[in-house]
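Undergrad: pasting the structure only:
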(Lines give C-alpha, C1' and ligand atoms only; values in the text may rest on other atoms or scores of the structure.)
Protein backbone atom coordinates (compact mmCIF):
# COMPACT_ATOMS: atom_id res chain seq x y z
CA UNK A 1 0.00 0.00 0.00
CA UNK A 2 1.37 3.40 -0.89
CA UNK A 3 2.00 5.93 1.84
CA UNK A 4 -0.76 8.16 0.40
CA UNK A 5 -3.32 5.33 0.52
CA UNK A 6 -2.29 4.53 4.10
CA UNK A 7 -2.66 8.20 5.11
CA UNK A 8 -6.06 8.34 3.38
CA UNK A 9 -7.14 5.20 5.25
CA UNK A 10 -6.06 6.65 8.61
CA UNK A 11 -7.87 9.94 7.86
CA UNK A 12 -11.07 8.20 6.79
CA UNK A 13 -11.11 5.97 9.89
CA UNK A 14 -10.42 9.00 12.12
CA UNK A 15 -13.24 10.93 10.41
CA UNK A 16 -15.66 8.07 11.06
CA UNK A 17 -14.65 7.92 14.72
CA UNK A 18 -15.18 11.68 14.96
CA UNK A 19 -18.64 11.18 13.47
CA UNK A 20 -19.42 8.53 16.10
CA UNK A 21 -18.25 10.82 18.88
CA UNK A 22 -20.00 13.95 17.55
CA UNK A 23 -23.27 12.04 17.31
CA UNK A 24 -22.87 10.55 20.80
CA UNK A 25 -23.17 6.97 19.56
CA UNK A 26 -22.54 4.25 22.15
CA UNK A 27 -19.01 2.92 22.65
CA UNK A 28 -20.09 -0.50 21.35
CA UNK A 29 -21.13 0.92 17.94
CA UNK A 30 -19.33 -1.13 15.25
CA UNK A 31 -16.28 0.62 13.83
CA UNK A 32 -14.82 -2.31 11.91
CA UNK A 33 -15.79 -5.80 10.78
CA UNK A 34 -13.69 -8.96 10.49
CA UNK A 35 -14.25 -11.54 7.79
CA UNK A 36 -12.12 -14.66 8.22
CA UNK A 37 -10.35 -16.54 5.43
CA UNK A 38 -12.80 -19.42 5.92
CA UNK A 39 -15.75 -17.09 5.52
CA UNK A 40 -14.25 -15.53 2.37
CA UNK A 41 -13.59 -18.99 0.92
CA UNK A 42 -17.18 -20.09 1.68
CA UNK A 43 -18.50 -17.04 -0.15
CA UNK A 44 -16.19 -17.50 -3.15
CA UNK A 45 -16.64 -21.28 -3.37
CA UNK A 46 -20.43 -21.41 -3.14
CA UNK A 47 -21.09 -21.69 -6.87
CA UNK A 48 -21.29 -25.46 -6.75
CA UNK A 49 -19.52 -28.68 -7.48
CA UNK A 50 -18.18 -27.72 -10.91
CA UNK A 51 -14.91 -26.53 -9.36
CA UNK A 52 -15.33 -22.88 -10.30
CA UNK A 53 -15.43 -20.15 -7.75
CA UNK A 54 -16.89 -16.68 -7.78
CA UNK A 55 -14.70 -13.79 -8.88
CA UNK A 56 -15.09 -11.24 -6.11
CA UNK A 57 -16.82 -10.07 -3.00
CA UNK A 58 -19.09 -7.04 -2.79
CA UNK A 59 -19.55 -5.22 0.51
CA UNK A 60 -22.74 -3.24 1.03
CA UNK A 61 -22.86 -0.61 3.75
CA UNK A 62 -26.02 -0.50 5.78
CA UNK A 63 -27.62 0.62 9.02
CA UNK A 64 -29.49 -1.30 11.67
CA UNK A 65 -31.10 -0.39 14.96
CA UNK A 66 -29.46 -1.69 18.13
CA UNK A 67 -30.90 -0.57 21.47
CA UNK A 68 -32.89 2.15 19.66
CA UNK A 69 -29.71 3.58 18.05
CA UNK A 70 -28.86 3.46 14.34
CA UNK A 71 -25.45 1.81 13.88
CA UNK A 72 -23.48 0.84 10.75
CA UNK A 73 -23.63 -2.67 9.36
CA UNK A 74 -22.26 -4.50 6.33
CA UNK A 75 -23.70 -7.18 4.08
CA UNK A 76 -21.15 -9.21 2.13
CA UNK A 77 -22.06 -11.22 -0.97
CA UNK A 78 -20.15 -13.05 -3.68
CA UNK A 79 -19.91 -11.62 -7.19
CA UNK A 80 -19.24 -13.16 -10.58
CA UNK A 81 -17.54 -11.54 -13.55
CA UNK A 82 -19.65 -11.18 -16.68
CA UNK A 83 -18.60 -11.26 -20.35
CA UNK A 84 -18.26 -7.46 -20.40
CA UNK A 85 -15.82 -7.43 -17.47
CA UNK A 86 -18.36 -6.21 -14.91
CA UNK A 87 -19.12 -7.90 -11.60
CA UNK A 88 -22.63 -8.97 -10.65
CA UNK A 89 -23.89 -10.09 -7.25
CA UNK A 90 -24.31 -13.85 -7.06
CA UNK A 91 -28.06 -13.87 -6.63
CA UNK A 92 -29.96 -16.83 -8.06
CA UNK A 93 -33.71 -17.22 -8.63
CA UNK A 94 -33.76 -19.59 -5.63
CA UNK A 95 -32.05 -16.93 -3.56
CA UNK A 96 -34.54 -14.25 -4.54
CA UNK A 97 -37.44 -16.57 -3.67
CA UNK A 98 -35.89 -17.20 -0.25
CA UNK A 99 -35.27 -13.49 0.33
CA UNK A 100 -38.91 -12.74 -0.45
CA UNK A 101 -39.97 -15.52 1.91
CA UNK A 102 -37.74 -14.12 4.66
CA UNK A 103 -35.44 -17.13 4.95
CA UNK A 104 -33.34 -16.63 8.07
CA UNK A 105 -30.32 -18.45 6.64
CA UNK A 106 -29.87 -15.61 4.13
CA UNK A 107 -29.65 -12.89 6.75
CA UNK A 108 -26.20 -11.52 7.48
CA UNK A 109 -25.72 -11.60 11.21
CA UNK A 110 -23.28 -9.88 13.47
CA UNK A 111 -23.18 -10.41 17.18
CA UNK A 112 -23.47 -6.87 18.47
CA UNK A 113 -23.98 -6.58 22.21
CA UNK A 114 -27.61 -5.75 22.88
CA UNK A 115 -28.68 -6.61 19.34
CA UNK A 116 -32.10 -8.16 19.56
CA UNK A 117 -32.93 -7.86 15.87
CA UNK A 118 -32.39 -11.52 14.98
CA UNK A 119 -35.47 -13.57 14.35
CA UNK A 120 -36.53 -17.08 13.58
CA UNK A 121 -34.24 -20.04 13.89
CA UNK A 122 -31.08 -18.36 12.58
CA UNK A 123 -28.13 -19.80 14.44
CA UNK A 124 -25.79 -16.97 13.38
CA UNK A 125 -23.97 -19.10 10.84
CA UNK A 126 -23.78 -18.60 7.13
CA UNK A 127 -23.32 -21.13 4.41
CA UNK A 128 -25.01 -22.76 1.51
CA UNK A 129 -28.10 -24.39 2.95
CA UNK A 130 -30.48 -26.05 0.56
CA UNK A 131 -28.76 -24.40 -2.43
CA UNK A 132 -29.16 -20.88 -1.07
CA UNK A 133 -26.58 -18.14 -1.45
CA UNK A 134 -23.88 -17.59 1.16
CA UNK A 135 -23.88 -14.17 2.80
CA UNK A 136 -20.86 -13.26 4.88
CA UNK A 137 -21.04 -13.20 8.66
CA UNK A 138 -18.84 -10.20 9.51
CA UNK A 139 -17.70 -9.96 13.13
CA UNK A 140 -17.97 -6.39 14.41
CA UNK A 141 -15.44 -4.41 16.39
CA UNK A 142 -15.97 -3.73 19.23
CA UNK A 143 -15.89 -7.33 20.27
CA UNK A 144 -13.61 -8.68 17.48
CA UNK A 145 -11.13 -5.78 17.44
CA UNK A 146 -7.63 -7.24 17.64
CA UNK A 147 -4.57 -5.47 19.01
CA UNK A 148 -4.32 -1.69 19.17
CA UNK A 149 -2.80 0.09 16.15
CA UNK A 150 -3.12 3.37 14.23
CA UNK A 151 -6.57 2.41 12.91
CA UNK A 152 -7.68 0.69 16.12
CA UNK A 153 -6.62 2.97 19.00
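TA: Thanks, I have the structure now. These figures come from a predicted structure and were not determined experimentally. Numbers count the residues shown, from 1 in each chain.
Undergrad: so which residues of this protein form helices?
TA: Along the chain, the segments classed as helices by DSSP state H run 3-22, 37-44, 93-101.
Undergrad: and residue 44, how many residues sit next to it?
TA: Residue 44 is flanked by 19 other residues according to other Cβ atoms under 10 Å. For the C-beta atoms, the positions are set from N, CA and C on the backbone; glycine is no exception.
Undergrad: quick one, what contacts it?
TA: By Cβ atoms under 8 Å, 6 or more residues apart in numbering, the contact list for residue 44 reads 53, 54, 57, 78.
Undergrad: residues contacting the last one?
TA: What that stands for is residue 78. Residue 78 is in contact with 43, 44, 46, 47, 54, 56, 57, 58, 89, 90, 133, 134, counting by Cβ under 8 Å, 6+ apart.
Undergrad: what would those look like in TSV with pLDDT and distance to residue 151?
TA: Formatted as TSV, the contacts of residue 78 follow (pLDDT from 0 to 100; distance: Cβ to Cβ, whole Å):
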residue	pLDDT	distance to residue 151
43	88	24
44	90	25
46	83	30
47	77	33
54	90	28
56	91	23
57	90	20
58	90	22
89	88	28
90	87	30
133	67	30
134	73	27
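Undergrad: and the furthest pair within the contacts of residue 44?
TA: Of all pairs drawn from the contacts of residue 44, the one with the longest distance (Cβ to Cβ) is 53 and 57, at 11.0 Å.
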